[in-house]
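Chemist: have a look; sequence and predicted model below, questions after that.
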Amino acid sequence: MSPNRTGTPAANQVDAEQEVDFSRYWWAIVARWWLVVLCVAIGVVIGYLVSLGGGRLYQARTTVYLGQPLTATGSGAVQGVATNPATVNQIVKSESVVRSVADQVNVEPGELRRGISSRAVSGAGPRSAQTQLVEISVRGPWRRQSAEAANLLGDTVVERVSQYPDAKIELLQGLLTGQEQELEAIDSSVERYRDAIENDQSLSGSERLVLVSLLDNAEQERGRIVEQKTQTELSLAVAQEVERADVVTRATASRVAARSRGTSMIVGAVLGLLVGVVLALLWDPVKARLARS
């Protein structure tokens, strides 16, 4: 590289000029620091005001318990749609569900879909287990429809993930009905045997012994059925209260900011910083030009 007239290489001279320019820019900003701070403060205030003036927006949340299906004997958990954390999001955002709910609350499906979200509730279960509590949220420019849509989505999720517990509940209820009918028949027989033993004077000794034996057998059978009925009732309670999904909290809509307040203030601060830096750099040239004119 050929040196210039002063004997300094051209590249070194360019670097020196750039360092001088950068230094000049830096000191120009430092000298007008108050202008930068002022612009940042104004940007934060504008961001805050923008977050307040974004129009009316409402949000409604409902919490759903997904249930914990168990085996037929209740000895272990069953893996299924209720234990898959992606199930809720797939259901509430499916085309058929969104259209059905939108028709029921009389809003546009596309607008409703944009406002639907779901998230697992923190601390809903042990770390090693799947989350069983999920919050479904609907956000939109409607108060009543947001709450109705969130509740309908929650009910839909409960229905979709409870098919196995519902089948078990139906079977247990049928079994319980049969046991109750069997108990009624046994009670009727016991009453008849006792009445004959106590009041029928025409019975011979052998006939009376037969009735006593039948009464004893009926009472033993009744005890066995009562024990089975108790176990069925316990299994039914577990299926209804533990295995089946349920809506824990119903949704009510509340007004929220259309834009995130924190995000709007950060964006305003960044824009204010950029404007402040530009004004600090232009301050002296503009001032000099005004002075000459």
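Modeler: Looks like it arrived, so ask away.

Chemist: please count neighbours and contacts with C-alpha atoms only from this point.
Modeler: Will do.

Chemist: isn't V50 right up against I266?
Modeler: No: taking Cα atoms under 8 Å as the contact criterion, V50 and I266 are not neighbours in contact, 11.9 Å apart.

Chemist: now R289: which helix or strand?
Modeler: Counting by DSSP states H and E, the element that carries R289 is helix 261-292.

Chemist: for the record, mean pLDDT for that helix?
Modeler: When pLDDT is averaged along helix 261-292, the result is 80.

Chemist: tell me the buried residues in that helix?
Modeler: Judged by neighbour count using 16 or more other Cα atoms under 10 Å, the buried positions of helix 261-292 are 261, 264-269, 271-273, 275-277, 279-281.

Chemist: what's the closest of these to D246?
Modeler: Using Cα to Cα, R261 is the member of the buried residues of helix 261-292 that lies nearest D246, at 33.9 Å.

Chemist: look up how far G80 lies from that closest one.
Modeler: Taking Cα to Cα, to the nearest Å as the criterion, R261 is separated from G80 by 40 Å.

Chemist: cool, P69 as well?
Modeler: P69 is 8 Å from G80, where distance means Cα to Cα.

Chemist: counting neighbours, go ahead and name the busier of those two.
Modeler: It is P69, of P69 and G80, that has more neighbours when counted by other Cα atoms under 10 Å, with 26 against 12.

Chemist: now do the more buried one, the pLDDT please.
Modeler: P69 is given a pLDDT of 90.

Chemist: is it true that it touches Y164?
Modeler: Yes: between P69 and Y164 there is a contact at 7.5 Å, judged by Cα under 8 Å.

Chemist: in terms of secondary structure, what does the one helix or strand E191 maps to contact?
Modeler: Using DSSP H and E, E191 sits in helix 163-199. Contact here means 3 or more Cα pairs under 8 Å, 6 or more residues apart in numbering; DSSP states H and E; on that basis helix 163-199 packs against helix 205-238.

Chemist: buried residues of the helix it packs on, list them for me.
Modeler: Within helix 205-238, the residues that count as buried by 16+ other Cα under 10 Å are 208, 211-212, 214-215, 218-219, 222, 225-226, 229, 232-233, 235-236, 238.

Chemist: C-terminal to that helix, what's the next element?
Modeler: strand 246-249.

Chemist: hmm, who's touching that next one?
Modeler: Outside of strand 246-249, the residues within contact range by Cα atoms under 8 Å, 6 or more residues apart in numbering are 62-67, 154-155, 158.

Chemist: could you give the mean pLDDT of it?
Modeler: Looking at strand 246-249 alone, the average pLDDT works out to 95.

Chemist: restrict the helix or strand following it to CA atoms and write it as PDB.
Modeler: Going down the chain from strand 246-249, the next helix or strand is strand 253-256, by DSSP H and E. As requested, the backbone C-alpha atoms of strand 253-256 are provided in PDB (Å, rounded to 0.1, in the frame of the first residue of the first chain):
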ATOM      1  CA  ALA A 253     -65.300 -12.400  31.200                       C
ATOM      2  CA  SER A 254     -63.300  -9.400  32.400                       C
ATOM      3  CA  ARG A 255     -61.900  -6.500  30.400                       C
ATOM      4  CA  VAL A 256     -58.200  -6.600  29.600                       C
END
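
Chemist: quick one: list the elements packing against strand 253-256.
Modeler: In terms of contact count using 3+ Cα pairs under 8 Å, 6+ apart, strand 253-256 is assigned the packing partners strand 57-65, helix 144-161.

Chemist: who does it pair up with?
Modeler: Using DSSP bridges, strand 253-256 pairs in its sheet with strand 57-65 (antiparallel).

Chemist: can you list contacts of the partner strand?
Modeler: Contacts to strand 57-65, defined as Cα under 8 Å, 6+ apart, come from residues 132-143, 146-147, 150-151, 154, 157-158, 245-258.

Chemist: any idea how far that strand is from the middle of the chain?
Modeler: In terms of Cα atoms, centre = their mean, to the nearest Å, the centre of strand 57-65 is found 8 Å from the chain centre.
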